[in-house]
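Peer 1: give the three-dimensional model of this entry:
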Amino acid sequence: MKQRVLFLCANNGVQSPIAEALLKGTDSEHFEVTSAGIDRGDTHPLTVEVMKEIGVDLERRATKATRDILDRGFDLVITLCDRAKVECPKFQGAEIIHWQFEDPLNTRDQMQQTRMFRSLRDQIAQRVRLFALVQVRFADAVRHEAALST
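Peer 2: The predicted structure follows:
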């Protein structure tokens, strides 16, 4: 059974679409992944650009707000910015986890912002790979222990 994961940021334009795409690409066998924002925004052009650099096309993706997915069930909700952490709605039965990343929109310098977007992408990729590994191994250990006790 797949774990249902929601990545949540302020407007579904930077951190959450990156995380969604990376987890889908890392392990779609064990995870059903979606992303949303507290509000629906637009996917930032630099999000599209830095993901295209690694072969992921986010050009035509539609953004979602939490109100669009409140009726869906999730096992894990991962907030990716302070606003999402504070304003995250209740998703019954979901474990809430917070991952903190530096916001690349805090700088106006275009070159620095592009570097920050790349760094954000790479940090999220590293966190996603570790997350998938730990979650799958934990689930396997629980199944193994349950099989031994029967």
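Peer 1: need the strands for this structure, in chain order.
Peer 2: For the chain, applying DSSP state E gives strands covering 3-9, 31-37, 76-79, 95-98.
Peer 1: highest mean neighbour count out of those?
Peer 2: Highest mean neighbour count of the strands of the chain: strand 3-9, a mean of 25 (counted as mean count of other C-beta atoms under 10 Å). For glycine as for every other residue, the C-beta is placed from the backbone atoms N, C-alpha and C.
Peer 1: tell me the angle that one makes with strand 31-37.
Peer 2: 20 degrees (axes from the mean of the first three to the mean of the last three C-alpha atoms, to 10 degrees).
Peer 1: show me what strand 3-9 is packed up against.
Peer 2: For strand 3-9, the packing partners by 3 or more C-beta pairs under 8 Å, 6 or more residues apart in numbering; DSSP states H and E come out as helix 15-26, strand 31-37, strand 76-79, helix 82-87.
Peer 1: could you dump the strands of the chain to CSV with distance to T66 and mean pLDDT?
Peer 2: Putting the strands of the chain into CSV (distance: least, C-beta to C-beta, whole Å; pLDDT from 0 to 100) gives the following:
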stretch, distance to T66, mean pLDDT
strand 3-9, 7, 97
strand 31-37, 5, 97
strand 76-79, 10, 98
strand 95-98, 13, 96
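Peer 1: distance to M51 added to the ones you listed, as JSON lines?
Peer 2: Shown next, in JSON lines, are the strands of the chain (distance: least, C-beta to C-beta, whole Å):
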{"stretch": "strand 3-9", "distance to M51": "14"}
{"stretch": "strand 31-37", "distance to M51": "13"}
{"stretch": "strand 76-79", "distance to M51": "18"}
{"stretch": "strand 95-98", "distance to M51": "22"}
